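In: got a structure for you, letters missing:
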């Protein structure tokens, strides 16, 4: 049975990742900060015949990351999916940025995916697919920035992209392929009700992309339709 680990699996895209992969017969390690309070995820797990296992994980807590790695020691993880993220300060326009809010978003969006990868890299290396997928955003693209603003979110996602490209180079010798995904404008709590696609459509499209990537694609930044996003 192939195995995936998803961070931020209690809602939105993370929950839909858990749903679709479990439905296809994968074992899903579904991570979130409060498993007891994640009602929808718990219900999904209860109906998945043991294919969804819940784990407590605040991605900013190094002790919890280490505890998860110890719990999964020796388990191959075919796909490590860094999904957890925040938008951060919504009103981060020029002249109105707040240092503490910026640093908090940087911790979640940019640093935490790296710490999760570092802790679980052996699990990925021991698997068959050896794939790390990280959810970023086209708003982290310099070339695509035509409107300005959104300083906190844009910068933390641009930083994440830099982290992932470096990781893609560093992990190639271990046979690991690391890629970056833009989920589209999705109707979630973060994306809002006016999003262009549903979480189910977004996840289905990203899964199609992941199904065709190989070592030669390491470090690529994918649009929701599978095309390449310029940096």
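Out: Structure's in. What do you need? What you see is a predicted model, and the numbers here were worked out from it, not measured in a lab.

In: which residues in the chain form helices?
Out: With DSSP state H as the criterion, the chain has helices at 12-23, 39-46, 62-71, 99-106, 112-125, 151-171, 199-212.

In: reformat those into JSON lines and put distance to residue 139 and mean neighbour count next to each item.
Out: The way it works is simple: take the backbone N, C-alpha and C, and place the C-beta from them, glycine included. Listed next are the helices of the chain as JSON lines, based on distance: least, C-beta to C-beta, whole Å; neighbours: other C-beta atoms under 10 Å:
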{"stretch": "helix 12-23", "distance to residue 139": "15", "mean neighbour count": "23"}
{"stretch": "helix 39-46", "distance to residue 139": "27", "mean neighbour count": "16"}
{"stretch": "helix 62-71", "distance to residue 139": "26", "mean neighbour count": "14"}
{"stretch": "helix 99-106", "distance to residue 139": "12", "mean neighbour count": "15"}
{"stretch": "helix 112-125", "distance to residue 139": "16", "mean neighbour count": "19"}
{"stretch": "helix 151-171", "distance to residue 139": "5", "mean neighbour count": "20"}
{"stretch": "helix 199-212", "distance to residue 139": "15", "mean neighbour count": "18"}
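
In: reformat these as TSV; add mean pLDDT and distance to residue 84.
Out: Output for the helices of the chain, formatted as TSV (pLDDT from 0 to 100; distance: least, C-beta to C-beta, whole Å):
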stretch	mean pLDDT	distance to residue 84
helix 12-23	97	7
helix 39-46	98	13
helix 62-71	98	11
helix 99-106	98	12
helix 112-125	98	7
helix 151-171	98	11
helix 199-212	97	15
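
In: would you reformat those as TSV and include distance to residue 85?
Out: Shown next, in TSV, are the helices of the chain (distance: least, C-beta to C-beta, whole Å):
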stretch	distance to residue 85
helix 12-23	9
helix 39-46	17
helix 62-71	16
helix 99-106	9
helix 112-125	8
helix 151-171	8
helix 199-212	14
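
In: so for residue 81, which of those helices sits nearest?
Out: Taking C-beta to C-beta, helix 12-23 is the member of the helices of the chain nearest to residue 81, at 6.1 Å.
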